[in-house]
Each structure stands twice: as C-alpha cells, then as structure tokens.
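**Student:** Here is the input, now give the coordinates:
(one chain, ligands or ions: 1)
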Amino acid sequence: MPPFDVVGEEAIRSGRATDAYFERTETTLRHADRNPRVVAEVTADQFPDGEFELFAGLKDAATLLAGHDLDADAIPEGRLFDGGPVMRVEGNYLEFARLETSLLGFLSHASGIATAALEVRRAAPDSNVLSFGARHVHPSIAAVVERSALMGGLDGFSHVAAGEVLGREASGTMPHALMICFGAGKQEEAWTAFDEAVPDDVPRIALCDTYSDEVDEVLRAVDALGDRLSGVRLDTTSSRRGDMRHIVREVKWKLRARGREDVDVFVSGGLGPDDLRELSDVADGFGVGGYVSNATPVDFALDIVERAGEAVAKRGKLSGVKEVYRTRDGAHHVGLRGEDGPEGAESLMEPLVRDGEVVADFDLDAATDRAREDAELTGFGERAH
Ligand SMILES: O=P(O)(O)OC[C@H]1O[C@H](OP(=O)(O)OP(=O)(O)O)[C@H](O)[C@@H]1O
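**Tutor:** Next up, the predicted model:
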C-alpha cells in the first residue's frame, strides 16, 4: 500500500487512473472487433452564454496524450472560452478511451482555479496579490493550484514544493504560530528574531493582528524594525474584523504621520473579488486563499462528435467537428469545421499533438499574458460578471 492516498504518476500515464466503465468498454470493443475512427471534443457548455472561463491544465493533458497514435487540437492555455470545444482528439477510439478520466480532471480542476484567479486579478489589477490557498487542497495538487493562480495573473504563491515544480520561488513571511511561540506582549521579540534570522532578500512584513489592535501592533513593528520594516500584514480573524477598509485607512494614516508611507499594508484572510474591489485603493496587496484554490472545477465532458467521418452525438450534444472563434468585439463564436467563421474573427484552435508528438508549447508567462489580453477584450471580471 502506498503511504498516502495518492494516485501516482505511473497510474495516470498508463491509463489506470480511469473509470472502470472505460476498461469494460475496451473489453467489449475488442470482443466485438470494433475500434472506429472518431473525433471527440472536450466541452463545458454547448453554446456561448456570455459567461467566460479561463482554459488551463493543457500542459498535463498533452503530456497524457503523448505517445498515443492520435492527433489533438486545443485552444491555447490562457485563452478565455464560452461554449463549444476547447480541445478535440482524433484517432481510433481505443487509443484514448481510458484516458478520458484523467484528461478531464487535468483540465477541469486547473481551469476552475485559473478562472477564479483571473476574477481576483481583475478585481484589483494594480495590487500585489499572492495565492495562499494550497492549505485548503490535497498537497498532491498544490502545483496545479499555484500554476493556475499564476496563469490567472496572481503575482506569486506560498507553496514551497509547488515552487520547485514550477521553477519559481514561494513567498511568505510569518504565521500567527510564530507570534504565539513568543507570546502575548512579546511581538517585538518575534519580529526582531525574524529579522535577524531570515535571509536579507526576504521582505520584512510583520504580522500585526495577533494580540492587540492592528494600529497598535503596526506602530510597534515600526518601532521594533525601523527602516528594515517593508510591510505589515493584517489577517484579522473574521469575528474581530469590523470595518476592514476603515482599519487599513487608519493604519495608512498613522504610518504617514510617522513618516513611514513606504510601509506596505497587506490584507489576507477569507478574501474574494468583492473584498479586493472594496480595499484595493487603500491596501497595497492581498493574500487570497480559498476563493482561488477551492474554485469549482469547470464541468468539462468529452463527447464523440464524428464516427468514421459521419457527424454524430448523443442527445443534447451538438454533432460534428467544430471550430471556435474570438470575434472582433470580444464575443465567442462556435461553428462547424469547414464553414467560414465570422468576418475578422480569430480561430482559437491550434495543433496540440500530431501522430502522438506534442507540438504545442506551454510557456506560463505567455499564457498569463493571453489571459490578461482576453479579459480586457471580453470584459471578463467587470463588476457585472
Ligand atoms: O482565508 P484564505 O483566503 O483561504 O487564505 C488563507 C489564510 O490562511 C492563513 O490564515 P490561517 O488563519 O489559516 O493561518 P495563520 O493563523 O497561521 O496565519 C493565511 O494567513 C490566510 O489568512
């Protein structure tokens, strides 16, 4: 038995990370000597409805398909979509039947998290926003959470091992546990010990809400660390929160009165886009956890839409191979392959896998840029969203 309840990489790659009915399907199709050439599409909604979502998780999905005798196309990571396929797979069905479960899981979870991150980003476009939510999810998907958060436009993340996977460094300073290890009335000792202990390149951001009033602790942190203090974090628990906007403004006022306008004020704890809209003109940065990491996965399904060259579909699904477009005015359009798209519209599908070889690249910064540009074009995350 493995030490943790984790389905491993080998099970995912080999296709054992699947639902049992695909194994039964394979057995039945082989028994019947039937393995049709099909086109299958991954779709969340059939038609556009004005609600965009951000596409993520494609790097892992492509890795899953690699080495199988099939072709695949997809919209690039970081594009917004609203109805119609985000991906299509063409090949003999038995090449990829058992991969459906993991394929949808890779895309669904990452896209849900990336969409929530983009909402957060759009709510406070100029603030420093970090992803703090890995603690809410199974550790085996921490890198998925942090990569998706970055794709949505967050500025950094807290999870150390996810940073190793992504080749980026985790951020963060001190929890309440550190303050409590020193004890009430000894906040100065905790902040000073932190300053003495951690490397110089770690920002000195003092947690200022543990035992007493936020303004009081902030001014004490200023006195304790002097010029070395670069910021303060207010993580006031919800039962004691009061008017956070007023508290932040008062903190900023009193920092200014001390000649310490340079000290940044960060807010964290239970925040979502509405809170960031409310606070972004007074606070300098935010830590956002559960709103992003606990996002509902996108409800993707994989459906066969063409069998042996003939358009097919189950009831309620649209038959035939489709293309998706971004129109000049920022709308999403779904049409049949071979038809002309709307005039001036951009076709979104690109080659992903050819003859089992991954032909796309998955640069995270480029995906983040696409997400920002698409959000601006489509109006994603504006108040009405
Ligand atoms: O609330 P979320 O948006 O999900 O963000 C994550 C929260 O987790 C931490 O607090 P927590 O009280 O769990 O830990 P701490 O007391 O050690 O800081 C962190 O300080 C955030 O407030």
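
**Student:** can I get the CA coordinates of the lengthiest helix in the chain in PDB?
**Tutor:** Scanning the chain for the helix with the most residues, using DSSP state H, yields helix 100-123. Extracted in PDB, the C-alpha atoms of helix 100-123 (Å, rounded to 0.1, in the frame of the first residue of the first chain):
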ATOM      1  CA  GLU A 100     -10.800  10.400 -20.600                       C
ATOM      2  CA  THR A 101     -11.000  10.400 -16.800                       C
ATOM      3  CA  SER A 102      -7.600  11.900 -16.200                       C
ATOM      4  CA  LEU A 103      -7.800  14.200 -19.300                       C
ATOM      5  CA  LEU A 104     -10.900  15.900 -18.000                       C
ATOM      6  CA  GLY A 105      -9.600  16.000 -14.400                       C
ATOM      7  CA  PHE A 106      -6.400  17.800 -15.600                       C
ATOM      8  CA  LEU A 107      -8.500  20.400 -17.500                       C
ATOM      9  CA  SER A 108     -11.400  20.800 -15.100                       C
ATOM     10  CA  HIS A 109      -9.600  21.500 -11.900                       C
ATOM     11  CA  ALA A 110      -6.900  23.800 -13.400                       C
ATOM     12  CA  SER A 111      -9.400  25.800 -15.400                       C
ATOM     13  CA  GLY A 112     -11.700  26.300 -12.400                       C
ATOM     14  CA  ILE A 113      -8.800  27.600 -10.300                       C
ATOM     15  CA  ALA A 114      -7.400  29.800 -13.100                       C
ATOM     16  CA  THR A 115     -10.800  31.300 -13.700                       C
ATOM     17  CA  ALA A 116     -11.200  32.300 -10.100                       C
ATOM     18  CA  ALA A 117      -7.600  33.700 -10.100                       C
ATOM     19  CA  LEU A 118      -8.400  35.800 -13.100                       C
ATOM     20  CA  GLU A 119     -11.500  37.100 -11.300                       C
ATOM     21  CA  VAL A 120      -9.400  38.100  -8.400                       C
ATOM     22  CA  ARG A 121      -6.800  39.700 -10.700                       C
ATOM     23  CA  ARG A 122      -9.400  41.800 -12.400                       C
ATOM     24  CA  ALA A 123     -10.800  42.900  -9.100                       C
END
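
**Student:** how far does stretch 324-331 stretch from start to finish?
**Tutor:** With Cα to Cα, to the nearest Å applied, stretch 324-331 spans 11 Å between its terminal residues.

**Student:** which non-adjacent residue is nearest residue 172?
**Tutor:** Among residues not flanking residue 172 along the chain, residue 158 sits closest, at 4.6 Å (Cβ to Cβ, 6 or more residues apart in numbering). The C-beta positions use only the backbone N, C-alpha and C, and glycine is treated the same way.

**Student:** Toward the C-terminus, what is the element adjacent to the longest helix of the chain?
**Tutor:** Counting by DSSP states H and E, the element after helix 100-123 in chain order, helix or strand, is strand 128-131.

**Student:** Neighbouring strands of that following strand in the sheet, and parallel or not?
**Tutor:** Here strand 128-131 has these sheet partners by DSSP bridges: strand 156-157 (parallel), strand 285-288 (parallel).

**Student:** hang on, the earlier thing: the longest helix of the chain and the ligand in contact?
**Tutor:** No - Helix 100-123 lies apart from the ligand when judged by Cβ under 6 Å from any ligand atom; the minimum separation is 10.0 Å.

**Student:** what mean pLDDT does that helix have?
**Tutor:** Average pLDDT, helix 100-123: 98.

**Student:** how much space between the single nearest residue of the chain relative to the ligand and residue 96?
**Tutor:** With Cβ to the nearest ligand atom, the shortest gap between the chain and the ligand falls at residue 289, namely 2.3 Å. Taking Cβ to Cβ, to the nearest Å as the measure, residue 289 falls 36 Å from residue 96.

**Student:** List of residues touching stretch 94-106?
**Tutor:** 12, 15-19, 22-23, 25-26, 29-30, 35, 40, 42, 57-58, 60-61, 64-65, 68-70, 89, 300-302 (Cβ atoms under 8 Å, 6 or more residues apart in numbering).

**Student:** For this protein, which segments count as helices?
**Tutor:** Assigned by DSSP H, the helices in the chain fall at 9-14, 20-31, 58-65, 93-96, 100-123, 142-151, 160-166, 176-182, 187-197, 214-225, 244-257, 273-279, 290-293, 364-378.

**Student:** near the ligand, which residues of the stretch 1-150 of the chain show up?
**Tutor:** Going by Cβ under 6 Å from any ligand atom, the residues of the stretch 1-150 of the chain near the ligand are 132, 133, 136.

**Student:** how many neighbours does the nearest residue to the second one once chain neighbours are set aside have?
**Tutor:** Looking back up the chat, that one is residue 133. Nearest non-adjacent residue to residue 133, counting by Cβ to Cβ, 6+ apart: residue 293, 2.8 Å away. Neighbour count of residue 293, defined by other Cβ atoms under 10 Å: 27.

**Student:** again with residue 343
**Tutor:** 7.

**Student:** And for residue 55?
**Tutor:** With other Cβ under 10 Å as criterion, residue 55 counts 31.

**Student:** Ok, the one 3 residues further on next?
**Tutor:** Around residue 58 sit 25 other residues, with neighbours defined as other Cβ under 10 Å.

**Student:** hang on, the earlier thing: quick one: distance of the longest helix of the chain to the chain centre.
**Tutor:** Centre-to-centre, helix 100-123 and its host chain are 5 Å apart (Cα atoms, centre = their mean, to the nearest Å).
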